[in-house]
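In: Based on what follows, work out the 3D shape:
(2 chains)
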Amino acid sequence: MAIQTLPLDAGAPVRAATGHHSRRREDTRAGWGLATPFLVLYGLFLIVPTLYGVVMSFFNSSLVHNGLGGFAGPDNYMEALKSSDFWSSMWHTVLFTLMTVPPLVVVALVLAMFTDRLKRGRWFYRLIFFAPYVIPSASAALIWTWLYTPQLGLWDKWLTDIGITPPNWLADPNWAMASVALMTVWWTLGFNFVLYLAGLQEIPRELYEAASVDGASPWVQLRYITIPLLRRTTALVLVLQIIASLKIFDQIYLMTSGGPNFATRPVLEYVYDIGFTDFRTGYTAAASMLYFLVILVVSLTWYVINRRQQKEA
Amino acid sequence: MAATTLASRIRTRPAAASRSTDWRFRYFNWFCVSVLVVFAAIWIIPLIWAVDTSLKPDGEIATNPTTWWSGHFTLHAYRTVVNGGNIGTWYLNSFLVALASAVFAVVICSMAGFAMSQTRFRGRQLIFALIAAGLLIPSQVLIVPMFKEFNLVHLLNTYWALILPSVAVPICVLIFAAFFNGIPSELAESAHVDGASWFRIYRTIYMPLTKPAISAVFIFTFVWKWNDFLWPLLVMTNPRTMTLPVGLSQVSSAYGIQYAEIMASAVLGALPLLVVFLLFQRRIVEGVATTGIK
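Out: Residues are numbered from 1 along each chain as shown, chains lettered A, B, ... in the order given. So this is what the prediction gives:
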């Protein structure tokens, strides 16, 4: 998988060293020249905002006046760490992640393994499962809000038909998060499904043939050939999914606006609310940094594990 | 690994296909197909239901919300949405922003990727470190400082506010660099001996050989910008500069309980990329699978 072979350290092929001093200088000029447009934009819209955010988090900045405002030291961080609103939004983000990651990994894996066994019609399932992934969150949210509408929605009708009293989906604090999670599984499963299909294609068919000759049942083959050989794909899918789920904002903002009574508000919406309705950007920057730390820990953990696996291989 | 030991064990045995295992495979394949059909049905129903609702008169939806068939299918809701709302403007905004971002991203990231991969310039290690660090920073945590930055230079509610932050994407540089690494460097070497400049080598030799990376980065950036929500929601507050997703986020309050109009908006919002996906299915899926960018 390409992402695992990307040159994170400068591992490009080394051209035959010419040893000429002028050549080296020319390389330097050409290299910087070609990289400059990127570096300028990268500096302006990634490095500067990052540094600005870090600095801002130590000041009483506000959206309504320019400049940084008075120095606040660690006050913003202390306030965030003591704020129950901040902690409950962190918890909602983690809860959403816990609710979406297992089904999005396991169901995608199972469906991809089953699809891979088909002789014909693979493109059909790939089309169906990936299609929702390309529609905008706003469209998906409108469709699912309609499906969830009490009394009028299709899900209510179906559950009533089979004798189950439907929950009050998005309006019930106990069900709202699960409802959004369910919609998210439908919306984004296709991405993981496609990654798994690609991983499955790299498994040599002879392994299955040899196992069949030996009398291994289909389940045994999946358990002892397919799943172990997909370990690297699973690691990739898992980390991408955890990070994507931790960034939850769109669906919740669109379907529940963080409600009912803030019961689903994730960190990003908390940041959005405090920063853009209360205008307290210094405090918001501090909350963003704390949230960033969580994502950073996940990314770095994966990076370390991946490194170790590559060394073993 | 369990699988490899199993396989090597099997190879040493005499090959004798046992008939007794055939039925297990037949039943298992039936089981797989049944599961897939059930899930495929669940996956397609919301989309079909949205289209179905959008084609019914509002009065009928109010009395019989969950019947699939209607005697009076109509395009009325679509006419209302297209003529009454701003959806045409939103389409245009989204298209221009996504197209400009994708083109700039391809040009600028491929140049940087080429520099990283083919020229040994001083400071290259430092830039690699910067780019690798950038991979770890999600754009969502930068919304507050970025908003202040764009506010300061008075670029809010302009296309630039959406295009500029999405051009210099670290992962795109790495995709191009990885791809250029796979091209034999003798090509650049011999062109260089013939006196070609680095920019010429990049443009006339390397770029034409890089079509899979170009299409992957182009498609990724285009789809990302087309569907992007949080940042456009913050910077595009004027209905005339809104992108499609931001505009759509307001239709449920505009149409209230006119579900046909709401579903017509949702369908119109989903349609362009669904059509593009149907046309370029293989290429898009390959792009996702080989780069794994989300």
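In: so what pLDDT did the closest residue to chain B within chain A get?
Out: In chain A, the residue that lies nearest chain B is residue A:31 (2.8 Å; C-beta to the nearest C-beta). No exception for glycine: its C-beta is placed from N, CA and C like everyone else's. On pLDDT, residue A:31 comes in at 85.
In: which element is it on?
Out: For residue A:31, the host element (DSSP states H and E) is helix A:21-42.
In: again with residue B:267
Out: According to DSSP H and E, residue B:267 maps onto helix B:259-279.
In: which non-adjacent residue is nearest residue A:124?
Out: Setting aside the residues directly before and after it, residue A:124 is nearest to residue B:40 in space (C-beta to C-beta, 6 or more residues apart in numbering or on different chains), at 7.7 Å.
In: Who are the packing partners of the helix holding residue B:267?
Out: Judged by 3 or more C-beta pairs under 8 Å, 6 or more residues apart in numbering or on different chains; DSSP states H and E, helix B:259-279 is in contact with helix A:137-148, helix B:22-54, helix B:58-63, helix B:76-84, helix B:87-118, helix B:211-227, helix B:244-248, helix B:251-255.
In: Can you name the residues that contact residue A:59?
Out: A:68, A:69, A:70, A:71, A:72, A:282 (C-beta atoms under 8 Å, 6 or more residues apart in numbering or on different chains).
In: Correct me if wrong: the last one contacts residue A:53.
Out: Pointing back at residue A:282 there. No: the pair residue A:282 and residue A:53 does not pass the contact test of C-beta atoms under 8 Å, sitting 10.1 Å apart.
In: I'd say residue A:100 and residue A:245 touch.
Out: Yes: counting by C-beta under 8 Å, residue A:100 touches residue A:245, with 4.9 Å between them.
In: Next, show the common contact partners of these two.
Out: Common neighbours of residue A:100 and residue A:245, counting by C-beta under 8 Å, 6+ apart, are residue A:184.
In: Name the residues of the helix or strand hosting residue B:131 that come out as buried.
Out: Applying DSSP H and E as the criterion places residue B:131 in helix B:124-135. Buried positions in helix B:124-135, judged by neighbour count with 16 or more other C-beta atoms under 10 Å in any protein chain shown: B:124, B:127, B:128, B:131, B:132, B:134, B:135.
In: Which ones, among these, also lie beside chain A?
Out: Checked against chain A using C-beta under 8 Å from any C-beta of the partner chain, the buried residues of helix B:124-135 yield the following neighbours: B:124, B:127, B:128, B:131, B:132, B:134, B:135.
In: Reformat these into a markdown table and put pLDDT next to each item.
Out: Below are those laid out as a markdown table (pLDDT from 0 to 100):
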| residue | pLDDT |
| --- | --- |
| B:124 | 84 |
| B:127 | 87 |
| B:128 | 87 |
| B:131 | 89 |
| B:132 | 85 |
| B:134 | 88 |
| B:135 | 85 |
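In: got the phi/psi numbers for the residue in the stretch 101-250 of chain B that chain A sits nearest to?
Out: Residue nearest to chain A within the stretch 101-250 of chain B (C-beta to the nearest C-beta): residue B:121, separated by 2.8 Å. In terms of degrees, to the nearest 10, the main-chain angles of residue B:121 are phi -90, psi 160.
In: Next, the contact list for it, please.
Out: Residue B:121 is in contact with A:27, A:28, A:29, A:30, A:31, A:32, B:115, counting by C-beta under 8 Å, 6+ apart.
In: Disregarding flanking residues, what is the spatial nearest neighbour of it?
Out: For residue B:121, the closest residue by C-beta to C-beta, 6+ apart turns out to be residue A:31, at 2.8 Å.
In: Burial check on the one you found, number of neighbours?
Out: Counted with other C-beta atoms under 10 Å in any protein chain shown, residues neighbouring residue A:31 total 23.
In: For it, which residues are in contact?
Out: B:115, B:116, B:119, B:120, B:121, B:123, B:124, B:198.
In: returning to what we had before: which of the contacts of residue B:121 has the largest number of neighbours?
Out: The residue in the contacts of residue B:121 with the most neighbours, by other C-beta under 10 Å, is residue B:115 (28 neighbours).
In: With that, I have no additional questions.
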